[in-house]
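>>> whatever this is, show me its structure:
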Amino acid sequence: MADSVWGPASAASSPSSNSPSLRHPALVRITHWLITVSFLALLLTGIEILISHPRFYWGETGNDLSRPLFVIPIPASRDLVPTGYGYTLPDQNGWSRYLHFEAAWLAVLTGLLYLTYGLVSGHFRRNLAPSRGDLSPGGIWNVIRGHLRLGSRADDGVYNVLQRLVYLCVIFILFPLVIWTGLAMSLAFDSAFPAAVALLGGQQSARTLHLLVSAALVMFLFVHIVMVCISGFRGRLRAMITGRGRSETEGA
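Have a look, this model is predicted:
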C-alpha cells in the first residue's frame, strides 16, 4: 500500500471499478491540513502584531517619528503610534508574537516535509509541472474561459495549467519569500546573515515586504476557497480528507 502514502494510485487500475480513485496521497493531505492550521494561526496573530504598529517604512529603520511609506488606516494598540484615531485597541502583542513564532516553525517544518516528498516522489513533476502545450496562449485561455462558467465543475483527476502555475508560484516563490522576510525582521538573523537582510533593503523593508507577500497568500487562500466551492465543495473536501475522488460512474 505504499502508493497510498507516497503517490497516486496506479492509472493501470481496472476502469470498470466503481470504487473512487485515489486523488491525494496521505502525506499531501496531512501537510495540507497542517499548513492550513498554521496559516490561520499566523493570519490571526499577524493581524494582532500589525495592530500594534500599523505604519510601514522602507529601509533599515523606522519609528513613530519617521515618515511612513504607507499606513494601514486602523487604530493602533499603543498610545505612542500616531494613527489619527482618538483611542487605542487592547494590546495583545505579547501572546500573538509568541504564537506567531510557534506557528511559523510548524509551517516551515511542514513545508520542508512536503517539499522533500514532492521532489523525491516526483509529485511536482507529475502533478504540477505544466507541459509545453499547456503554456500556449490557447491552452491558458481555454482554462480561463472554463473557469468563467461558474456552473462548470473541474476534473477531479488533474490540475489545469492555471492551478499548476499558481501552486508552483505559492510553493517556490511566495512561501520562501514569506519565510525570508519574516526571518529578516529578527535581530539575531540580521546579526548572523546581514547580507540576506540587506538584500531586502533593511529590516523595515523586510517588514513591508512580509506584509505584501502575506496579503498575496491571503488572496490565494480566498480564490482557492471560492474555486473549491464552485467545482464542488463536498467532493473536494472529501478528497482532501479521505484521499478519494469521485469514480467515473458517480454523479456530480
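
>>> how about the strands in this structure?
For the chain, the strands defined by DSSP state E occupy 55-56, 70-71.

>>> low-confidence bits of the stretch 51-200 of the chain, can you list those?
The model of the stretch 51-200 of the chain has pLDDT under 70 over residues 133-158.

>>> what ranges does it have for its helices?
93-121, 123, 137-148, 161-169, 175-184, 187-192, 194-198 (DSSP state H, counting those that start in this stretch).

>>> how about the longest one: buried residues?
Under the neighbour-count criterion of 16 or more other Cβ atoms under 10 Å, helix 93-121 has 93, 96, 99-100, 103-104, 106-108, 110-111, 114-115, 117-118, 121 buried. C-betas here are computed from N, CA, C, even on glycine.

>>> out of these, who's nearest Phe172?
Nearest to Phe172 among these: Leu115, at 8.8 Å, using Cβ to Cβ.

>>> out of everything not next to it in sequence, what's closest to that closest one?
With sequence-adjacent residues excluded and distances taken as Cβ to Cβ, 6 or more residues apart in numbering, Leu115 is closest to Ile171, at 7.4 Å.

>>> distance from the helix of greatest length in the chain to the middle of the chain?
The longest helix of the chain (DSSP state H) is helix 203-242. Mean-position distance between helix 203-242 and its chain equals 5 Å (Cα atoms, centre = their mean, to the nearest Å).

>>> same check on stretch 45-65?
Its chain's C-alpha centre lies 22 Å from the corresponding centre of stretch 45-65 when counted by Cα atoms, centre = their mean.

>>> CA atoms only: put it into PDB for me.
Provided in PDB are the C-alpha atoms of stretch 45-65 (Å, rounded to 0.1, in the frame of the first residue of the first chain):
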ATOM      1  CA  THR A  45      -1.500  36.600  15.200                       C
ATOM      2  CA  GLY A  46      -0.200  38.600  12.300                       C
ATOM      3  CA  ILE A  47      -3.200  40.900  12.500                       C
ATOM      4  CA  GLU A  48      -2.700  41.300  16.200                       C
ATOM      5  CA  ILE A  49       1.000  42.200  15.600                       C
ATOM      6  CA  LEU A  50       0.100  44.600  12.800                       C
ATOM      7  CA  ILE A  51      -2.400  46.400  15.100                       C
ATOM      8  CA  SER A  52       0.500  47.300  17.500                       C
ATOM      9  CA  HIS A  53       2.100  49.400  14.800                       C
ATOM     10  CA  PRO A  54       0.100  49.800  11.500                       C
ATOM     11  CA  ARG A  55       2.700  52.000   9.900                       C
ATOM     12  CA  PHE A  56       5.200  50.700   7.300                       C
ATOM     13  CA  TYR A  57       8.600  52.000   6.200                       C
ATOM     14  CA  TRP A  58      11.300  51.300   3.700                       C
ATOM     15  CA  GLY A  59      15.000  50.900   4.700                       C
ATOM     16  CA  GLU A  60      16.800  49.800   7.800                       C
ATOM     17  CA  THR A  61      14.900  51.800  10.500                       C
ATOM     18  CA  GLY A  62      11.500  53.300  11.100                       C
ATOM     19  CA  ASN A  63       9.700  54.500  14.100                       C
ATOM     20  CA  ASP A  64       6.800  56.800  15.300                       C
ATOM     21  CA  LEU A  65       8.700  59.900  14.300                       C
END
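
>>> find the centremost residue of the chain, please.
Centroid-nearest residue in the chain: Leu217, 4.9 Å away (criterion: Cα atoms, centre = their mean).
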